[in-house]
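K.L.:
Quick one, fold the following:
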Amino acid sequence: MTTVASEAATPTEAPAESGLRIALAGKGGAGKTTISATLSRLLARRGHPVLVIDGDSNPNVAVALGVSQAAAAAIPPLPLGLVSRRLDGPALKDPVQSIVDRFGTVAPDGVSVVHMAMPAHADEGCLCSSHATVSAILADTGRTRESVTLLDLEASPENFSRGTTRHVDALLFVVEPYYRSLETARRMGVLAAELELDRVWVVANKLRSPDDVEAIDEFFSNHNLHVAAYVPWGDSVLDADKEGTPLLDFEPDGPVVAAISQLADRLLTPDPA
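P.N.:
Next comes the predicted model:
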């Protein structure tokens with residue numbers, strides 16, 4: 001198979017003046033959770049305090065990070081009373097670290113993880129307050145020097161209509177090389193453009209050939225979205241999942257991890273002035 005790698009980037013040595021906040025979005029099954037878990041641990045290994053917010057109402061990031069199934073199941077969803085309403089939007093009542101200490105857990109490489117919410121019962125209403133909580137956490141973590149906050153979103157445009165991602169510094173659309181996945185990212189990209197985010201990038205995942213790369217590049221060049229990383233197909237991703245082992249532990253030197261590592265470098269590199 002032809003190896004597909006991401007664009008080269010030179011990581012910055014200078015510490016960040018403020019926190020880096022990243023959100024991953026895209027169609028269900030595109031690989032957001034695997035990339036989120038691997039990316040967050042790689043960033044932690046670079047010396048950054050990392051907080052992962054599982055923004056899916058069916059949470060899976062903790063296990064993908066390497067937390068045991070029993071420990072992941074014991075993580076409580078963030079409660080609804082953590083924010084107060086203000087004129088400029090929702091704001092946390094308590095410091096982020098206090099919230100993480102009470103409602104989160106620590107995964108391998110020191111990554112902290114919290115769950116946005118998950119329905120406890122049928123027919124109990126929307127998750128509006130949960131979205132407000134996540135938005136408030138992102139607003140506050142941006143003030144913490146050198147920290148990284150990573151939000152793994154569920155496959156829904158609701159995150160954009162509610163403005164959950166308004167405070168992120170980088171929004172990554174994870175796509176597979178077929179039309180429905182690309183079209184999902186295009187539609188979300190239209191909504192994201194209204195939030196005026198600094199970096200809205202595409203991460204092309206599960207690539208099997210140069211033809212996949214060409215098709216993705218052509219599609220997004222026609223829709224003004226930049227493809228920032230190219231992640232090859234890897235049977236190791238499926239094998240790791242079958243064993244219940246994080247990809248980073250299962251095949252740390254494989255091509256998939258290498259491509260995600262290059263994405264981490266690029267995210268840490270300041271944009272040219």
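
K.L.:
Next, the residue nearest to Gly66 when sequence neighbours are not counted: phi, psi?
P.N.:
In space, and not counting its chain neighbours, Gly66 is closest to Pro108: 4.1 Å by C-beta to C-beta, 6 or more residues apart in numbering. To be clear about C-beta, it is placed using only N, CA and C from the backbone, and glycine gets the same treatment. Here is the backbone geometry of Pro108 (degrees, to the nearest 10): phi -50, psi 150.

K.L.:
Packing partners of the helix or strand encompassing Ser261?
P.N.:
Ser261 is part of helix 255-268, with elements assigned from DSSP states H and E. Helices and strands touching helix 255-268, by 3 or more C-beta pairs under 8 Å, 6 or more residues apart in numbering; DSSP states H and E, are strand 20-25, helix 32-45, strand 226-232, helix 247-250.

K.L.:
cutoff 10 Å now
P.N.:
With contacts defined as 3 or more C-beta pairs under 10 Å, 6 or more residues apart in numbering; DSSP states H and E, helix 255-268 has these neighbours: strand 20-25, helix 32-45, strand 148-153, strand 170-175, strand 199-207, strand 226-232, helix 235-243, helix 247-250.

K.L.:
Could you list the low-confidence segments of this structure?
P.N.:
Scanning the chain for pLDDT under 70 picks out the ranges 1-17, 86-90, 117-129, 131, 156-163, 272-273.

K.L.:
which ones are touching the residue nearest to Gly66?
P.N.:
Listed by C-beta atoms under 10 Å, 6 or more residues apart in numbering, the contact partners of Pro108 are Ala37, Arg41, Ala44, Leu65, Gly66, Val67, Pro246, Leu248, Asp249.

K.L.:
Please apply the same query to Val114.
P.N.:
51-55, 59, 61-62, 75-78, 96, 99-100, 102-105, 133-134, 137.

K.L.:
right, and Val202 touches Asp217 too?
P.N.:
Yes - here Val202 reaches Asp217: they are 9.5 Å apart, a contact under C-beta atoms under 10 Å.

K.L.:
Could you tell me which residues touch both of the two?
P.N.:
Val227, Tyr230.

K.L.:
more neighbours, those two?
P.N.:
Val202 (26 against 14; other C-beta atoms under 10 Å).

K.L.:
need the contact list for that one.
P.N.:
Applying C-beta under 10 Å, 6+ apart to Val202 gives the contacts 26, 171-175, 182, 185-186, 189, 216-217, 219-220, 223, 225-230.

K.L.:
make it 6 Å
P.N.:
The neighbours of Val202, taking C-beta atoms under 6 Å, 6 or more residues apart in numbering as the test, are Phe173, Val175, Phe220, Leu225, Val227.
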